[in-house]
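*Asks:* next one to model:
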Amino acid sequence: MTPIDYIKENHLEWQPSFSREINNALFGYRGALIIQEGKKLSETKVMPPKAQAKQVIMISEADKIKFFACELETFGFFEEFFNKYKDFFDANSVNLLYVIDLDANGVFEYQGVKFSTFMLDESSVWNEVLDYFSLEKGVLKKLSNEEKLEMIYDELATMNVEAIDKTYDEMLALMGTTKKSLMGAV
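*Replies:* Numbering: from 1, shown residues only. Reported below is the predicted structural model:
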């Protein structure tokens, strides 16, 4: 089963803006993924998820996620998120978590899968990913959604892998009380 088949079968996608093949081998997804479902009011009406991985950028190949980035409101959602999607991650996945309530960045391994975690307060995951790979927004503006994700995928081969510098428990200890800054009219 592919990650997107699992997501669709279990109704775990939330407000996707992109969900289709990038090329013959890769599948891309942008949107949110449900961690905790919202309250079901009726057969057709469901409240928004209680917890979600927001601003997801996912690139998968066959049954494995090759690249994953998202925003987590709290690092406290990580374990539940991982347990729900763990079958699709492996040691070769590049995973970037942008977490609102962290007081420091860190790289940790969890059940054989490495995650690079970053504090996020004002920016978007998309902008952070572009910075991470040193990609220019101006170049990407001219590309299709598929081409943008393919360019990110191509950058994976050229990047330096960050060394693990924290344990999962050390990452939990970095949870603070930071809230995301709202930008623009409220």
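
*Asks:* can you give me the buried ones in stretch 52-67?
*Replies:* 52-61, 65-67 (16 or more other C-beta atoms under 10 Å). For the C-beta atoms, the positions are set from N, CA and C on the backbone; glycine is no exception.

*Asks:* can you flag which of those belong to helices?
*Replies:* Nothing among those maps onto helices, per DSSP state H.

*Asks:* pLDDT and distance to residue 124 for those - can I get that in TSV?
*Replies:* Output for the buried residues of stretch 52-67, formatted as TSV (pLDDT from 0 to 100; distance: C-beta to C-beta, whole Å):
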residue	pLDDT	distance to residue 124
52	97	15
53	97	14
54	97	10
55	97	6
56	97	12
57	97	10
58	97	16
59	96	18
60	96	21
61	96	25
65	96	20
66	95	21
67	95	17
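
*Asks:* please identify which of those is nearest to residue 86.
*Replies:* When these are compared for distance to residue 86 (C-beta to C-beta), residue 65 wins out at 10.1 Å.

*Asks:* show the pLDDT at the nearest residue to residue 90 once chain neighbours are set aside.
*Replies:* Leaving out its chain neighbours, the residue that sits closest to residue 90 by C-beta to C-beta, 6 or more residues apart in numbering is residue 64, at 5.6 Å. Here the pLDDT value assigned to residue 64 is 96.

*Asks:* what's across from residue 64 in the sheet?
*Replies:* Counting by DSSP bridges, residue 64 is bridged to residue 61.
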